[in-house]
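Build me a structure from this.
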Amino acid sequence: MNDTWSSPEYDLHPKLKSLRIPTLIIYGDHDFIPAVTAEHITHALPNARMVTLKDCGHFSYLECPVSVREQIDAFFSAK
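Model (predicted):
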């Protein structure tokens, strides 16, 4: 892992711009990953939408399964 992260060639951000699939970014407001990182990924994907779940951490599917399911259902219903 350290070899991957420390490599200057390891930058997936440019590749995200080439994806054209609808993408849902689910972020918990108590996540240990900074919100700016989730926002950065969301903006890099041409067809992405981000939702922030209240009182949820990084493992939102375990911590807030009902909210996650509602967001996923809404995402697919809108397509």
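
what separates the longest helix seen in the chain from the chain centre, distance-wise?
In the chain, assigned by DSSP state H, the helix with the most residues is helix 65-77. Computed by C-alpha atoms, centre = their mean, to the nearest Å, the separation of helix 65-77 from the middle of its chain amounts to 14 Å.

Name the residues of it that come out as buried.
67-68, 71 (16 or more other C-beta atoms under 10 Å). Yep, even glycine has a C-beta here, placed from its N, CA and C like the rest.

Could I have the CA atoms of that helix written out in CSV?
C-alpha atoms of helix 65-77 as CSV (Å, rounded to 0.1, in the frame of the first residue of the first chain):
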residue,chain,number,x,y,z
PRO,A,65,-28.5,1.2,6.5
VAL,A,66,-32.0,2.7,6.2
SER,A,67,-30.6,6.1,5.0
VAL,A,68,-28.2,4.4,2.6
ARG,A,69,-31.0,2.3,1.1
GLU,A,70,-33.2,5.3,0.7
GLN,A,71,-30.5,7.2,-1.1
ILE,A,72,-29.7,4.3,-3.4
ASP,A,73,-33.4,3.8,-4.1
ALA,A,74,-33.9,7.5,-4.9
PHE,A,75,-30.8,7.5,-7.1
PHE,A,76,-32.0,4.6,-9.2
SER,A,77,-35.6,5.8,-9.3
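
who's in contact with that helix?
Contact with helix 65-77 is made by 22, 24, 26, 49, 51, 53-54, 56, 60-61, as judged by C-beta atoms under 8 Å, 6 or more residues apart in numbering.

mind running it again at 7 Å?
Identification of contacts with helix 65-77 by C-beta atoms under 7 Å, 6 or more residues apart in numbering yields 24, 26, 51, 53, 56, 60-61.

Not counting its neighbours along the chain, what's nearest the residue nearest in space to the middle of the chain?
Centroid check for the chain by C-alpha atoms, centre = their mean gives Ile25 as the closest residue, at 3.2 Å. Once flanking residues are discounted, Ile25 sits nearest to Met50: 4.1 Å by C-beta to C-beta, 6 or more residues apart in numbering.

tell me the SS of Thr52?
Three-state call for Thr52 (DSSP: H, G, I helix; E, B strand; the rest coil): strand.
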